[in-house]
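In: the following block contains a protein sequence and its predicted model.
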Amino acid sequence: MHITRRATLATLAALPFAAQAQDRPIKLLVGFPPGGGTDAIARLLAEALQASLGTTVIVENKPGAGGQIAAQALKTAAPDGTTFFVSHDHTISILPLVLKNPGFEPARDFVPVAGFATFANALALSGGTPATSLADYVAWVKKQGGQGSVGVPAPASVPEFLVKLLGEKNGLNLLSVPYRGSAPMIADMLGNQIAAGIGSVPDLIVNHQQKKLRIVAVMGQQRQGVLPEVPTFAELGLAGFEDLPYYGVFAPAGTPRAALERFSNALTGVIAQPGMKARLTELGLSVGMMNSAQLAAREHAYSAAWARIIKAGGFQPQ
């Protein structure tokens, strides 16, 4: 009798939360400006999730500092199932390694909800650059006195470390030029304000296909399905960039399990839709769901791998 009564009370207590969760708008935080790859991905997901969850789902851009501002906003958000963070590896795995005080600690302040894809970073050349391959680009920079500037979407990011290694490998003095996201970097590349940039394939793919930019090398153990003609950095003699970064969704620590499961189940269903998978693949993502534990394990492994690379490069947290 008492057990039945307690179960009934627990069920009744959960009803207000469930009802509110169905009605309240859900925010997807994005740490980069509109127009970039992460923003485009989040908006695709938001549209589909809105139909699946039966509630309004909006994308809220909080650009700046490589996603740090959005991550801090997630930390302070109410853990009530209405705020989630669509992020890739840089904010979650790299920033805590390169900043003395990022203002958040992923393992303490966030809970992984689900991962949904991996992607590759790539080196692209602007239309005003005569080079059509990495070797051509190296030769062209040497003709300019061995000095060149390469745009990166954020300071102290994987692309910035890649610029450093590219320079060292080829005897060039390459300067990283950090931007507040990929959109302004690509705008400068399209305007021939900067000759080269390193960003994610989802950020670069459309302009590459339209022949406004030229992707000449990609990260990963194998070539990308949407770029079969483009070699990997490993093929070109630059090893160490085979482990691909990831995209995942995170929530504030303390978010009720019911809200996490509801969102994760909806995301799993959305990603499984043939149309959605095709659109994300066209953007350069390798689609594949990871549950909360799998996403946490990937984040931990990715952070450990990059901690070794960053230490070996002599980088000191700022």
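Out: Noted; the coordinates are in hand.
In: contacts, neighbours, all on C-alpha from now
Out: Noted.
In: could you find the closest non-adjacent residue to residue 192?
Out: Computed as Cα to Cα, 6 or more residues apart in numbering, the closest residue to residue 192 that is not its neighbour in sequence is residue 128, at 5.7 Å.
In: same deal with residue 33?
Out: According to Cα to Cα, 6+ apart, the nearest residue to residue 33 is residue 63 (5.1 Å).
In: how about the contacts made by that neighbour?
Out: By Cα atoms under 8 Å, 6 or more residues apart in numbering, residue 63 lies in contact with 30-33, 69-70, 180-181.
In: quick one: list the elements packing against the helix or strand that residue 258 is a member of.
Out: In the assignment (DSSP states H and E), residue 258 maps to helix 257-272. Helix 257-272 sits against helix 37-53, strand 110-118, strand 286-290, with contacts defined as 3 or more Cα pairs under 8 Å, 6 or more residues apart in numbering; DSSP states H and E.
In: what about the strands in the stretch 101-250 of the chain?
Out: Assigned by DSSP state E, counting those that start in this stretch, the stretch 101-250 of the chain shows strands spanning 110-118, 121-126, 147-152, 173-178, 196-200, 213-218, 246-252.
In: so of these, which one's packed in deepest?
Out: Highest mean neighbour count among the strands of the stretch 101-250 of the chain (mean count of other Cα atoms under 10 Å): strand 196-200, with a mean of 28.
In: show me the helices in the stretch 51-200 of the chain, by range?
Out: 68-76, 89, 95-98, 106-109, 134-143, 158-170, 182-190 (DSSP state H, counting those that start in this stretch).
In: list phi and psi for the closest residue in space to residue 40 that isn't next to it in sequence.
Out: Residue nearest to residue 40 in three dimensions, not counting chain neighbours: residue 34, with 7.6 Å by Cα to Cα, 6+ apart. Per-residue torsions, residue 34: phi -60, psi 150 (degrees, to the nearest 10).
In: OK, contacts around residue 34?
Out: So residue 34 contacts 40, 61, 183 (Cα under 8 Å, 6+ apart).
In: for residue 110, see how far away the second one is.
Out: Going back to what we said before, that points to residue 61. 18 Å (Cα to Cα, to the nearest Å).
In: repeat for the last one
Out: Here residue 183 is placed at a distance of 27 Å from residue 110 (Cα to Cα).
In: for this structure, name the helix or strand with the lowest mean pLDDT.
Out: helix 2-23 (a mean of 45; mean pLDDT, DSSP states H and E).
In: quick one: strands adjacent to the very next helix or strand once past that helix?
Out: Next helix or strand after helix 2-23 toward the C-terminus (DSSP H and E): strand 26-30. Strand 26-30 pairs in its sheet with strand 57-61 (parallel), strand 83-88 (parallel), by DSSP bridges.
In: now mean neighbour count and distance to residue 248 too, for the ones you listed, in TSV please.
Out: Listed next are these as TSV, based on neighbours: other Cα atoms under 10 Å; distance: least, Cα to Cα, whole Å:
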stretch	mean neighbour count	distance to residue 248
strand 57-61	21	15
strand 83-88	24	6
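In: quick check: which of the ones you listed is nearest to residue 271?
Out: The closest of these to residue 271 is strand 83-88. By Cα to Cα, the value is 14.0 Å.
In: list the contacts for the closest residue in space to residue 93 that isn't next to it in sequence?
Out: Leaving out its chain neighbours, the residue that sits closest to residue 93 by Cα to Cα, 6+ apart is residue 303, at 5.0 Å. Going by Cα under 8 Å, 6+ apart, residue 303 touches 93-94, 97.
In: could you do residue 195 as well?
Out: Applying Cα under 8 Å, 6+ apart, the residues contacting residue 195 are 125-126, 128-129, 148-150, 189.
In: between these, which is closest to residue 220?
Out: Using Cα to Cα, these come closest to residue 220 at residue 125, 19.0 Å.
In: give the contact list for that closest one.
Out: Contacts of residue 125 by Cα under 8 Å, 6+ apart are 131-132, 189, 195-197, 213-216.
In: let's go with 6 Å and repeat that
Out: Going by Cα atoms under 6 Å, 6 or more residues apart in numbering, residue 125 touches 195-196, 213-214.
In: what of residue 38?
Out: Applying Cα under 6 Å, 6+ apart, no residues contact residue 38.
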